[in-house]
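Participant: Predicted coordinates and the sequence they were generated for:
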Amino acid sequence: MNIPQKVGIGTPLNRVDGVAKVTGIAKYSAEYHVPDLLYGVTVVSAIAKGRIVSIDEEAARAVPGVVDIVSHLNRPKHAYLNRSWKDQLKIPGEPFKAFHDNRIQFAAQPIAVVVAETFEAARFAASLVQVTFETEPHNIDFEASLAEKFLPGPGKRRDTFHPPKDQGDAETAFAEAPLQITGEYHLAVEHQMQMEMHASTVHWHGDGTVTIYDKVQGSQTSQELVASAFGLGAKNVRVVNAFVGGGFGGALRPQWQLQVATMAAIHLERSMRVVMTRSQMFSHAHRPECTYHIRLGAQADGALTAVLGDATTSTSRFENNMEDIVTWGMINYACPNIQGSYAIAPRDTYTSADMRAPGAATGMTLFEIAMDELAYKAGVDPLALRLLNYSDTDNMNKKPFTSKALREAYKQGAERFGWAERSLQARSMKEGRELVGWGVATGLWDANFMKTSASARLTANGHLEVACASSDIGTGTYTVMTQVAADTLGLSPEAITASLGDSSLPTAPVEGGSWGAASTGAAVQLACQALARKLLRAANKVEGEPLLGVDSIDELEFASGEMIVRNDPSRRVGLLDAMRAGGLDVVEATETASPGIADMISLATKSRNTHSAVFVEVRVDEELDQVRVTRVVIAVAAGRIINPKTARSQILGGVVMGIGMALHEETVPDKTLGKWINHSFGEYHVPAHADIEDIDVIFVNEPDPEVTPLGVKGLGEIGIIGVAAAVANAIFHATGKRIRSLPITIDKLVEASETESSVP
């Protein structure tokens, strides 16, 4: 008798929440029906820096339906100490506190909220509020801010920041190198323009408790902030974010609309909803601007002898946001002499923030453009150069990888793309009036695993619920939880419900960093295994004792709702039969997955990373300098793939964002007014359907039982890293024009001239 097949890990299962999303059943933070609800529309600052002198509310208060206007003048009491306002990211500095006082620290800072019985009344009344300001000199010019750049000392740095580790004598090696590349590379500010606006609906229950429906990537981080900042106590605050319409890092931290809505609800003791406008979405999180000075020294054949990097990224004046910029190339490539430095430059904006693949999407991308320049200087194929400098170990940290299938990714990606047919010389491929270019780049990201808890509950009707406070920001966490549970207990996905996005559920960190599937999946697996052990004990009471002598669930296969002895499939017991025999109506368990001693030893001795090889074809109109990305092949080495279908979707989304980074996305500052000029989708450009053509995704087989409990590495970030570099490198191959500043817009191509390295 054979063991039945089951739907589990590795199956391309459709999203279990797909129907709810396309039919509108799925509710987002501004869609919950709450009785006796008031609506708040926020008034924001018209200046970038200074103080509020007065607020004239008379005309606004006269609008029918207006209930009140809340500002620093009448807000409820809240915590004074900074530690009470810290979220899970714990960025050093002074967290922003809405309505705290009359100080203005950035343009479009929230300064008051008009509350009314209807949204329309609140919106109209908000337009009538007149604010008088006292202005102070401001600066949002990144170039000017470089004069103030600094590296925060110990205790004032982010926990996630890793300083570069110098090796050898890079300055001497560079000076003596036969081949030298020196360049200044730049990335503009980008904003996380998620489809769902930041919104908070506060349900005031009247008994000292609140339920908050919040747009955030971690329900428990919002719960902690509200409980501590407003003195409500954690047990009295429940936060729900069952569905999140995109995060990309912009919702890792609770944003200011949560503070505004909570204060108004406390002040009026009424339920409250506050939703940011699209323009206001530009008032907070954004990928920091970056300038990255790179020097590469190499032998005549292109073998690296020196890597030197000096990077600066932007932050606010009140917090020290930091990213790993200069480490990625030093980790990935073999080079005996490396040297890196990093600083942050403060300016009068909101704090910059993590945006999909923070640090790597910037640092690795810009480094890969420099590597392409080196290939042309050496007169070698850009892929061959990367293989020449391939490192089987983490070059900067001098540690082996738990796995690194990048060489195979290069091979499979190149074969699928047809890289062997590429001509070496720039401007040598053309069809009609379009120049054709092929570019390649490498991606590198961390494979993270975070402490996470989950519960499993099986009832006598055969229904299993798995639950975790983790968030699904579009990555497919509902489906991952369902598949892991189905795989562990051998149940049909239709018999499983995944519950998440609720602070009352078992503890989970914010969803980000590509740790969701690995961490939540591991916790669900542990909970289901604990439940399975209880079922095995109950099975001993089944008539005939078919599982007599089975001491561990490791001896069993779970399939088709049965426990089956692996070496004798004729011996089996149904899960529900075991429950009946044991007199159990419910079987439940809660477990926590966290790095153990072995994991900590592994972390200290080995590097855990995902890798990718990105191949891009562009076509550039020779007369108009208009760029089209016509083909992308991306080969990804990311350990075990739980669901090939949703995994592919993650990579597709990352590639599209990478194309946006390369050609479209740029938030432009008005240096005089201290504001972002293009604060709407009419002017902040993201890729449209017409901009995206063929994207081919390859998952390289990469077994890695050491990296995480499930062998999963995570896919949310790796899809974007290196894509913009591959596009930039393809543009050079097509045109002979080397653009070192992203995005590569038509004006930059028009102004650029062909470089000396256009011919190998």
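Facilitator: Okay, I see it. Residues are numbered from 1 along each chain as shown.
Participant: Where does the residue lying closest to Tyr684 once chain neighbours are set aside sit: helix, strand or coil?
Facilitator: With Cβ to Cβ, 6 or more residues apart in numbering as the measure, Asn678 is the residue that lies nearest to Tyr684, at 4.7 Å, once sequence neighbours are left out. The way it works is simple: take the backbone N, C-alpha and C, and place the C-beta from them, glycine included. Using DSSP: H, G, I helix; E, B strand; the rest coil, the structure places Asn678 in coil.
Participant: and if you look at Pro687?
Facilitator: coil.
Participant: right, and it touches Ala662 too?
Facilitator: No - using Cβ atoms under 8 Å as the test, Pro687 is too far from Ala662 to be in contact (9.5 Å).
Participant: Between those two, tell me which one has more neighbours.
Facilitator: The neighbour comparison of Pro687 against Ala662 (other Cβ atoms under 10 Å) goes to Ala662, with 27 against 19.
Participant: Verify the stated contact: that one with Val723.
Facilitator: Yes - between Ala662 and Val723 there is a contact at 6.9 Å, judged by Cβ under 8 Å.
Participant: Tell me which stretches of the stretch 251-400 of the chain form strands.
Facilitator: If you assign secondary structure with DSSP state E, counting those that start in this stretch, the strands in the stretch 251-400 of the chain sit at 271-275, 290-298, 304-315, 338-346, 393-394, 399-400.
Participant: Check the stretch 601-750 of the chain too.
Facilitator: When secondary structure is read from DSSP E, counting those that start in this stretch, the stretch 601-750 of the chain shows strands at 609-621, 627-637, 669-670, 675-676, 694-699, 741-742.
Participant: ok, the nearest residue to Asn729 once chain neighbours are set aside - how many residues close by?
Facilitator: In space, not counting the residues next to it along the chain, Asn729 is nearest to Gly439; the distance is 3.2 Å by Cβ to Cβ, 6+ apart. By other Cβ under 10 Å, the residues close to Gly439 number 25.
Participant: ok, back up a step: any chance of the strands of the stretch 251-400 of the chain in a markdown table, plus distance to Ile746, mean pLDDT and mean neighbour count?
Facilitator: Converted to a markdown table, these look like this (distance: least, Cβ to Cβ, whole Å; pLDDT from 0 to 100; neighbours: other Cβ atoms under 10 Å):
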| stretch | distance to Ile746 | mean pLDDT | mean neighbour count |
| --- | --- | --- | --- |
| strand 271-275 | 35 | 98 | 25 |
| strand 290-298 | 22 | 98 | 23 |
| strand 304-315 | 25 | 98 | 25 |
| strand 338-346 | 28 | 98 | 21 |
| strand 393-394 | 40 | 98 | 17 |
| strand 399-400 | 44 | 96 | 15 |
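Participant: Select, out of those strands, the one closest to Thr221.
Facilitator: Taking Cβ to Cβ as the measure, the strands of the stretch 251-400 of the chain were each checked against Thr221, and strand 271-275 came out nearest at 18.1 Å.
Participant: which residues sit in contact with the most centrally placed residue in the chain?
Facilitator: Nearest to the centroid of the C-alpha atoms of the chain, with distances taken as Cα atoms, centre = their mean, sits Arg356, at 3.7 Å. Contact partners of Arg356, counting by Cβ atoms under 8 Å, 6 or more residues apart in numbering, are 192, 248-249, 654, 657, 716-717, 720.
Participant: If we use 10 Å, what do you get?
Facilitator: Contacts for Arg356 (Cβ atoms under 10 Å, 6 or more residues apart in numbering) come out as 190, 192, 247-250, 287, 512, 514, 653-654, 657-658, 661, 716-717, 719-721.
Participant: How about Thr211?
Facilitator: Thr211 makes contacts with 32, 34, 201-205, 237-240, 271, 502-504, as judged by Cβ under 10 Å, 6+ apart.
Participant: Would you write a ChimeraX line that selects the buried entries of those?
Facilitator: When burial is assessed using 16 or more other Cβ atoms under 10 Å, the buried subset of those is captured in ChimeraX by this command:
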select :32,34,201,202,203,204,237,238,239,240,271,502,503
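Participant: confidence score at the nearest residue to Gly329 once chain neighbours are set aside?
Facilitator: If the residues on either side of it in the chain are set aside, Gly329 comes closest to Phe367, at 3.7 Å by Cβ to Cβ, 6+ apart. For Phe367, the pLDDT comes out at 98.
Participant: quick one: the helix or strand hosting Ala112 to chain centroid distance?
Facilitator: In this structure, Ala112 sits in strand 110-116 according to DSSP states H and E. Average the C-alpha atoms of strand 110-116, do the same for its chain, and the two points are 30 Å apart (Cα atoms, centre = their mean, to the nearest Å).
Participant: and that strand, what does it pack onto?
Facilitator: Contacts defined by 3 or more Cβ pairs under 10 Å, 6 or more residues apart in numbering; DSSP states H and E place strand 110-116 against strand 37-44, strand 50-56, helix 58-61, strand 66-71, helix 119-126, strand 130-135, helix 256-268, strand 271-275.
Participant: do you know which of the ones you listed lies nearest Lys90?
Facilitator: Closest of the helices and strands packed on strand 110-116 to Lys90 is helix 256-268, at 17.3 Å (criterion: Cβ to Cβ).
Participant: Please provide the alpha-carbon coordinates for that closest one, formatted as CSV.
Facilitator: Listed in CSV are the C-alpha atoms of helix 256-268, where the atom choice follows Å, rounded to 0.1, in the frame of the first residue of the first chain:
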residue,chain,number,x,y,z
TRP,A,256,1.7,59.3,11.8
GLN,A,257,-2.0,58.7,10.9
LEU,A,258,-2.1,56.1,13.7
GLN,A,259,-1.0,58.7,16.2
VAL,A,260,-3.5,61.3,14.9
ALA,A,261,-6.4,58.9,14.8
THR,A,262,-5.7,57.6,18.3
MET,A,263,-5.3,61.1,19.8
ALA,A,264,-8.6,62.2,18.3
ALA,A,265,-10.4,59.1,19.5
ILE,A,266,-9.1,59.5,23.1
HIS,A,267,-9.9,63.3,23.0
LEU,A,268,-13.5,62.7,21.9
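Participant: tilt between it and strand 37-44?
Facilitator: With axes from the mean of the first three to the mean of the last three Cα atoms, to 10 degrees applied, the angle from helix 256-268 to strand 37-44 works out at 120 degrees.
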